[in-house]
Every structure is written in C-alpha cells, then in structure tokens.
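A.B. asks: okay, structure incoming, though there's no sequence with it:
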C-alpha cells in the first residue's frame with residue numbers, strides 16, 4: 001500500500017506474488033513501498049522498498065554512419081541508432097520512433113547559431129528520414145539550403161522521440177564545400193575556337209567570349225552550365241618578364257547560359273596579361289588568363305603606277321616621279337600626315353602627302369645630275385607615330401643624258417660622228433693607196449679616157465712614155481752612179 005493506494009497483488013504459487021500496478025497512478029519521484037505478509041498461525045512479516053516513478057526512460061542516440069564531405073547542392077545522408085540508456089532497459093534498441101526535426105547550425109563569429117530548422121512543414125521536400133529497423137534511422141537533407149563560400153562545417157542535430165522514452169539527439173557535423181567550376185575562353189561566339197593569346201593593333205577592338213560550367217565530378221550538377229555568375233577581369237601591363245602593374249579592370253556581360261563576353265580595345269601599346277575570375281555563392285571561383293598584345297598599326301601602300309614592282313630607269317637630265325597612296329589598314333582610311341623618307345645613296349629625301357593620302361615622289365633632273373650614271377638602291381620608309389611599315393627597296397638606274405627631241409643620248413651622237421669620220425678617213429686612205437699603186441701610164445690612160453667621155457680636148461702630148469723615157473726612168477740613176485752618160489747611149493742605141 002502506498003498511502004491509501006492498494007497495489008494489485010497476484011499470487012504465483014510457492015510463496016511468490018506479483019505486484020503489478022500502473023505507474024501513472026503514482027506521483028513522479030522516489031516513493032517507498034511497504035509490503036506486508038501475514039497468514040493464520042504465522043507471524044506477520046514486512047519489508048520496504050524504494051520505487052522511483054519516471055516521466056520517461058532515458059535514451060541515447062549514436063551516430064553509426066557519419067556524413068562525409070559533400071559538394072553544395074548534393075544530398076547529405078547519415079545513420080543513427082536509438083537506444084534506451086537506463087537500467088533495467090539499458091541498450092535496448094528502440095524502433096518505431098519518430099524523427100521530429102533536424103536543427104542545422106553553424107559557428108558564426110565564435111558562437112553556434114541555428115541557420116535552418118527541418119521539421120514537419122518541409123519534410124519530404126528538402127529532408128526526410130527512414131526507420132531501417134533495429135533502432136537504426138537514416139536521415140538526409142539537401143545541402144542547397146545552406147550557403148557556403150568555402151568548405152564549411154554544418155551541424156545537423158536530429159531529435160528522436162518514442163512514447164515513454166526521453167527525446168534523444170546527437171550532433172553530426174557535415175562538411176559542405178563549394179561546387180568546382182571551370183572557365184574557358186573563346187574567340188568566337190559559337191565557342192568553336194579556343195583562345196589563349198590575342199594580338200591586335202592599336203585602337204583595334206577584339207571580342208572575347210567566356211564559358212562557365214560545372215567541372216566537379218562528385219557534384220550532381222556536373223557538366224551543366226552555370227548561370228548568374230559574375231565574370232570579373234583584370235588587365236596587367238607587363239613591364240618586364242617579372243614585373244607587371246594593374247592597368248584596367250571590369251566585368252564581362254552575360255548573354256546566355258554560362259556565356260559572357262567583353263569587347264577589349266587596344267588603347268595603349270604593350271604586352272598585357274588579362275586574368276579572369278568567376279564569382280557566385282556556393283561555387284568555387286574559376287580562374288583563367290591569356291596574353292593580350294597591342295601592336296603598332298600597319299600601313300597599306302598602294303602604287304598606282306606599279307613602280308614598286310619594276311626598276312626605274314631615267315636619263316640623267318630628265319625628271320622622274322611617281323605617286324604612292326598610304327592608308328591606315330586597321331580603319332581603312334587614308335593617312336594624310338605621314339612622312340615618306342627615301343634614301344638615295346646615303347642622302348635622305350622627305351615627301352609629304354595631300355588630304356587624299358597621296359604622296360608625290362619626284363626627283364628633278366638637277367638632283368639626278370649630282371649623281372653619277374649607274375644603278376642605285378632606293379630605300380623607301382614611311383614614318384608616322386603609332387604606325388609601323390617595313391621598308392621597301394626600289395632599283396633606280398640613272399642613264400646618260402639624252403637629246404630632248406629624239407631621246408638619244410648625247411654620247412651616241414659623238415660615237416656616231418667619230419665612227420663616220422673614221423669610216424670616211426679609211427675610205428679616202430684606201431683610195432689614195434690604190435691610186436698610188438697605179439702605174440703612171442695607166443693613170444694617163446684613165447685621164448685620157450675621162451676626157452674623151454666628157455668630149456674635152458686632149459693635150460698635144462703622148463699618152464705614154466717613149467722607150468727612151470721609160471729607159472731613163474728605170475736606169476737613169478744607175479748609169480749616173482756609174483758616171484756614164486745615158487744621153488749618149490740612148491741617142492746611139494735607142
């Protein structure tokens with residue numbers, strides 16, 4: 001009997017009795033129970049025992065399969081075992097329990113704070129549990145409900161209940177990390193040509209395209225495109241192989257799923273490194289770099305007379321000239337304020353253009369007269385700030401001065417005259433030699449023949465020498481050397 005309460009007593013035989021009474025009929029706390037036994041012809045016996053009336057049996061929750069590291073947005077899963085933790089039911093497995101809620105918390109500024117409550121209002125959507133039997137329960141939740149900037153610990157505390165058993169909890173910690181991403185660069189909007197270097201001319205623009213996707217093979221988002229990220233770029237100018245300085249910064253503009261673009265303009269000459277980074281909560285920051293080189297603008301040279309592809313040949317006493325058209329090949333406009341420099345045998349001549357970009361190149365006869373006749377190399381160079389031009393070479397041949405009417409060199413006239421004089425002299429000389437070799441009497445015959453043809457009077461003398469005259473002409477000097485009188489001899493013998 002407890003107070004006025006009489007306990008239910010059931011005899012079991014052999015002097016044993018079962019005392020059974022509902023505990024809810026007693027107040028909570030430590031009670032003393034007096035048991036009295038009596039029988040006829042026997043002395044009464046009694047003893048006392050203490051009875052503690054509890055509201056619940058003590059329990060404990062054990063983590064048997066802990067969670068691991070999960071990429072953000074994956075499902076985190078862990079298993080717990082629910083047991084009674086009070087004698088005489090110590091370690092009794094408690095099945096058919098209920099996971100009432102799971103409290104998610106994080107350490108913020110040095111203290112543990114609740115960040116999300118998983119309860120009956122959102123069960124089956126972002127979390128749930130399963131009774132696996134033998135006091136084992138499996139619990140899962142979607143990690144996308146948590147925001148992370150780096151790998152972080154989230155405490156997931158489940159609470160299990162069962163009638164007449166005290167609620168139990170355990171504090172598993174779940175590692176959640178950002179999803180790994182990858183950034184790629186392309187030179188075309190259809191992503192057909194990857195990009196690792198850009199070479200452009202000063203003031204020229206170039207469109208760069210980026211593509212951001214999930215590269216995390218453990219993530220359930222693997223290989224999908226990533227939308228909503230900010231693509232930030234920094235341009236560093238390379239001062240040397242080891243030194244660089246921040247030159248410009250900005251953001252790409254999104255134009256589709258995982259796609260962004262930026263139009264870069266080469267405003268200053270030099271070599272640059274452009275570094276890109278992506279930013280989006282719960283994702284890693286993907287990074288990529290490429291080289292950006294801004295070069296001098298090229299010059300297009302148009303030669304209307306096609307003088308460049310041929311050799312120039314000009315007489316020393318004539319002017320020579322041709323016209324060059326110079327254009328900005330980047331913007332396709334004429335260059336009106338460039339300088340054309342021509343190196344002729346070490347002397348530099350400068351030429352300037354008009355408002356159509358035409359440059360008249362002219363060398364006067366007076367200038368050419370200062371050079372010897374011969375072939376010279378003309379080096380043509382074009383100079384203008386922020387432009388580049390590869391010098392070209394022309395062949396200029398300065399020939400002999402020419403006659404202004406017939407275009408025949410004066411030297412040729414001298415050669416022609418000297419040749420004619422020489423031929424005439426030779427002809428006359430040959431004729432004189434021939435005449436000298438004709439016998440005198442033949443000469444007289446020729447003269448007589450000419451006189452007869454002309455009908456003139458023939459002089460009154462013999463045409464040929466007499467025998468005496470011929471003898472005297474041939475042997476006269478010899479007889480004279482012998483001191484002989486040729487006349488006496490001729491008168492007697494001839």
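C.D. replies: That came through fine. From a predicted model like this one, the values you see are computed outputs, not experimental measurements. Residues are numbered from 1 along each chain as shown.

A.B. asks: give me the element residue 246 is part of.
C.D. replies: Assigned by DSSP states H and E, residue 246 belongs to strand 244-251.

A.B. asks: partner strands of that strand, with direction?
C.D. replies: Paired strands of strand 244-251, with direction, are strand 230-238 (antiparallel) (DSSP bridges).

A.B. asks: how about the strand holding residue 246: buried residues?
C.D. replies: residue 247 (16 or more other Cβ atoms under 10 Å). Using the backbone N, CA and C atoms, a C-beta is placed for each residue, glycine as well.

A.B. asks: next helix or strand past that strand?
C.D. replies: Next element after strand 244-251 (DSSP H and E): strand 253-256.

A.B. asks: for the helix or strand following that following strand, what is the distance to the chain centroid?
C.D. replies: Heading C-terminal from strand 253-256, the first helix or strand you meet, by DSSP H and E, is strand 259-265. The chain centroid and the centroid of strand 259-265 are separated by 14 Å under Cα atoms, centre = their mean, to the nearest Å.

A.B. asks: check stretch 337-356 too.
C.D. replies: 36 Å.

A.B. asks: contacts for stretch 340-349?
C.D. replies: 324, 326, 350-353, 359, 361, 363, 371, 376, 378-383, 396 (Cβ atoms under 8 Å, 6 or more residues apart in numbering).

A.B. asks: which residues does stretch 352-368 contact?
C.D. replies: Counting contacts by Cβ under 8 Å, 6+ apart, the residues touching stretch 352-368 from outside are 314, 316-327, 333-340, 342, 344, 349, 351, 398.

A.B. asks: show the end-to-end separation of it, please.
C.D. replies: In stretch 352-368, first residue to last residue: 20 Å (Cα to Cα, to the nearest Å).

A.B. asks: in that stretch, what counts as buried?
C.D. replies: 353, 357, 359, 361, 363, 368.

A.B. asks: ok, stretch 55-67 next?
C.D. replies: 57, 59, 60, 61, 67.

A.B. asks: can I assume the fourth one sits in a helix?
C.D. replies: No: secondary structure of residue 61, determined by DSSP: H, G, I helix; E, B strand; the rest coil: strand, with no helix assignment.

A.B. asks: of the buried residues of stretch 352-368, which is the nearest to residue 236?
C.D. replies: residue 357 (37.0 Å; Cβ to Cβ).

A.B. asks: of the contacts of stretch 340-349, buried ones?
C.D. replies: 324, 326, 351, 353, 359, 361, 363, 376, 378, 380, 382, 396.

A.B. asks: now for the residues you listed, which pair is the farthest apart?
C.D. replies: 353 and 376 (23.9 Å).

A.B. asks: which other residues reach whichever strand or helix holds residue 64?
C.D. replies: Assessed by DSSP H and E, residue 64 sits inside strand 59-65. Residues outside strand 59-65 that contact it (Cβ under 8 Å, 6+ apart): 77-86, 94, 136, 158, 160, 162, 165-170, 172.

A.B. asks: again, 10 Å this time
C.D. replies: Contacts of strand 59-65 with the rest of the structure, by Cβ atoms under 10 Å, 6 or more residues apart in numbering, involve 77-86, 89-92, 94, 97, 135-138, 157-162, 165-173.

A.B. asks: and it, how far out from the chain middle?
C.D. replies: The answer for strand 59-65 is 58 Å, by Cα atoms, centre = their mean.

A.B. asks: where's the very next helix or strand once past that strand relative to the chain centroid, distance-wise?
C.D. replies: Note on strand 59-65: by DSSP H and E, the next helix or strand toward the C-terminus is strand 69-71. Offset of strand 69-71 from its chain centre (Cα atoms, centre = their mean): 36 Å.

A.B. asks: same question for strand 69-71: list its buried residues.
C.D. replies: For strand 69-71, using 16+ other Cβ under 10 Å, the buried residues are 70, 71.

A.B. asks: do stretch 128-139 as well
C.D. replies: Within stretch 128-139, judged by 16+ other Cβ under 10 Å, the buried ones are 128, 129, 131, 135, 136, 137, 139.

A.B. asks: now the first one: which helix or strand?
C.D. replies: Element membership of residue 128 [criterion: DSSP H and E] is strand 127-133.

A.B. asks: what does that strand rub up against?
C.D. replies: 75-76, 79-82, 93, 95-102, 104, 116, 118-119, 122-123, 136-142, 145, 156, 158, 160.

A.B. asks: excluding chain neighbours, what is closest to the residue nearest the centre of the chain?
C.D. replies: By Cα atoms, centre = their mean, the mean C-alpha position of the chain lies nearest to residue 197, the distance being 1.4 Å. In this structure, residue 197 finds its nearest non-sequential neighbour in residue 291, 4.5 Å apart by Cβ to Cβ, 6 or more residues apart in numbering.

A.B. asks: next up, the contacts around that neighbour.
C.D. replies: Residue 291 touches 196, 197, 198, 199, 238, 271, 272, 273, 274, counting by Cβ under 10 Å, 6+ apart.

A.B. asks: now do the phi/psi pair for it.
C.D. replies: phi -90, psi 140 (degrees, to the nearest 10).

A.B. asks: all helices for this protein, in order.
C.D. replies: For the chain, applying DSSP state H gives helices covering 365-368, 410-436, 440-454, 467-481, 486-493.

A.B. asks: so for the longest one, what's the average pLDDT?
C.D. replies: Confidence for helix 410-436, expressed as mean pLDDT, is 60.

A.B. asks: repeat that for stretch 228-246.
C.D. replies: Here the average pLDDT along stretch 228-246 is 89.

A.B. asks: chain center to it: distance?
C.D. replies: Relative to the centre of its chain, stretch 228-246 is centred 15 Å away, using Cα atoms, centre = their mean.

A.B. asks: tally of neighbours for the residue nearest to residue 333 when sequence neighbours are not counted?
C.D. replies: Leaving aside its sequence neighbours, residue 333 sits nearest to residue 327 (Cβ to Cβ, 6+ apart; 6.7 Å). Other residues within reach of residue 327, judged by other Cβ atoms under 10 Å, total 16.

A.B. asks: any idea what residue 327 is bridged to?
C.D. replies: Residues in beta-bridge contact with residue 327 (DSSP bridges): residue 300, residue 334.

A.B. asks: from residue 356, how far out is it?
C.D. replies: 10 Å (Cβ to Cβ, to the nearest Å).

A.B. asks: need the overlap of contacts for those two.
C.D. replies: Shared contacts of residue 327 and residue 356, defined by Cβ under 10 Å, 6+ apart, are found at residue 334.

A.B. asks: now residue 237: how far from residue 293?
C.D. replies: 11 Å.

A.B. asks: give the residues shared as contacts by the two.
C.D. replies: Both residue 237 and residue 293 are contacted by 270, 271, 272, under the criterion Cβ under 10 Å, 6+ apart.

A.B. asks: and the second one, what does it touch?
C.D. replies: By Cβ under 10 Å, 6+ apart, the residues touching residue 271 are 236, 237, 238, 239, 240, 244, 291, 292, 293, 294, 295.
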